[in-house]
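Student: Have a look; sequence and predicted model below, questions after that.
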Amino acid sequence: MTIKNIAILALAILLPLSMGAQKKKKRVVKKPVVIEEPQEDPRITNMREMTQQIVIIDSIVVDKDWILPHLLLSPETGSLMMTRDFLGKSVKGFAFVNEMGNKAYFSQPDDSLRQQLFTSDVLGDEWSTPQPLKGISDGIIEASYPFMLTDGITFYFAGKGEESIGGYDIFMTRYDSRNSSFFKPENIGMPFNSEANDYLYAIDELNRIGYFVSDRRQPEGKVCIYTFVPTESRKTYDPSVYTEKQIRDFADIIRIADTWGNGAERKAALARLKTINLTESSAIMRPNISSLPIVINDALTYYSVKEFRSNKAATLYKEYLKAQDRLTTLEAELAKARDQFPKAVSADRRSLRQRILQMEDEAQKLYKRIPSLEKDIRKEENKVIN
């Protein structure tokens, strides 16, 4: 074999080996996928760590439009009402009048339809022209649900703004008499505030009973009213005594019974509640049953039976008011019965269980009846006005 033939043979052998080496793929090392957990707003973290330690006496879930009947405050506290009842015209919002009946704070929509706070004083026999509250607009874009303590200085309201962690949060400020203005509002923190909407905050100083309202963990249109024991100084949960989870549960109000301690303070608070003159306070706090709002169409909301043009719609509206009133009573009775059930002796539980079942059945019928009435009211009224 010649040298030329040997070279050709060697090339024939090496060429496939070279091509095979070129086709060999490099090994790709996959990097592990790192999933970043969403970071909590530092304000919420800090607020939770500073959760105020309070005793929550009780709670009840009600319609958002039916808060006032459940706030049993003594006459010495002042009075809460709807803005429309204070101004005597169809205006959305909440109002507070002091115990002397000579100064009022209330919310009403501004030109952008956002709720803003105003004040008015009695001059002679008439209320003065409403004036916007000075000082609270710093960081607050919307405000409602006003409440002033009897000192005439400490003011609470619900607002939306830079310092809110949810929708509405409860804020506190104080009146600066030197400048005739309020200081910059402060978020009062947890457990009063949450990442949901937190509304009205009111204190009966005479009886040491407080209320705050929240829609946390509630369906659309419902709120929970919490009754609690207000304290003179702010005390937070000691992290050396309570675990991080326990403090988180206190902040989120997972179980109100966890706040009772040995139960002595709650028992004393319940006794004080009974001393409130319920007849007088109910008359002050309960909204006029003839002025419950109802949406007729996208551009029209009625607040009383007098506004209806359809006689049939007006009759249905009266039925609607009675149904709402009965449902409110039922919800209050159910809450009390459910609270009594675990404490009742065996002999009483059977009748109590039957009573609860009957009330639940009636409430379920009303839950279906009320939306049906609303639909029929709108239908009949729109027949006349369109």
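Tutor: Noted; the coordinates are in hand.

Student: can you give me the strands for the stretch 101-250 of the chain?
Tutor: For the stretch 101-250 of the chain, the strands defined by DSSP state E, counting those that start in this stretch cover 103-109, 115-123, 126-127, 131-132, 140-148, 154-161, 169-176, 181-182, 186-187, 198-204, 209-214, 222-229.

Student: so where do the helices sit in the stretch 201-350 of the chain?
Tutor: 244-252, 264-275, 278-285, 311-340, 346-385 (DSSP state H, counting those that start in this stretch).

Student: relative to helix 311-340, how tilted is the longest one?
Tutor: What it means is helix 346-385. Calculated by axes from the mean of the first three to the mean of the last three Cα atoms, to 10 degrees, helix 346-385 forms an angle of 160 degrees with helix 311-340.

Student: who touches the residue nearest to Phe182 when sequence neighbours are not counted in this structure?
Tutor: Of all residues not flanking Phe182 in the chain, Gly135 sits nearest, at 3.6 Å (Cβ to Cβ, 6 or more residues apart in numbering). Any C-beta I mention is one placed from the backbone N, CA and C, and that applies to glycine too. Applying Cβ atoms under 8 Å, 6 or more residues apart in numbering to Gly135 gives the contacts 173, 176, 179, 181-184.

Student: Looking at those residues, which gets the smallest pLDDT?
Tutor: Among the contacts of Gly135, Asn179 carries the lowest pLDDT, at 88.

Student: count of neighbours near that residue?
Tutor: Neighbourhood size, Asn179 [other Cβ atoms under 10 Å]: 10.

Student: follow-up on the earlier one: could I get the strands of the stretch 101-250 of the chain in JSON lines, plus columns for mean neighbour count?
Tutor: As requested, those are exported to JSON lines (neighbours: other Cβ atoms under 10 Å):
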{"stretch": "strand 103-109", "mean neighbour count": "22"}
{"stretch": "strand 115-123", "mean neighbour count": "18"}
{"stretch": "strand 126-127", "mean neighbour count": "12"}
{"stretch": "strand 131-132", "mean neighbour count": "11"}
{"stretch": "strand 140-148", "mean neighbour count": "23"}
{"stretch": "strand 154-161", "mean neighbour count": "22"}
{"stretch": "strand 169-176", "mean neighbour count": "20"}
{"stretch": "strand 181-182", "mean neighbour count": "16"}
{"stretch": "strand 186-187", "mean neighbour count": "16"}
{"stretch": "strand 198-204", "mean neighbour count": "23"}
{"stretch": "strand 209-214", "mean neighbour count": "24"}
{"stretch": "strand 222-229", "mean neighbour count": "20"}
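
Student: mind putting those in TSV, distance to Arg349 included?
Tutor: As requested, the strands of the stretch 101-250 of the chain are exported to TSV (distance: least, Cβ to Cβ, whole Å):
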stretch	distance to Arg349
strand 103-109	45
strand 115-123	46
strand 126-127	54
strand 131-132	55
strand 140-148	39
strand 154-161	40
strand 169-176	38
strand 181-182	52
strand 186-187	44
strand 198-204	33
strand 209-214	29
strand 222-229	25
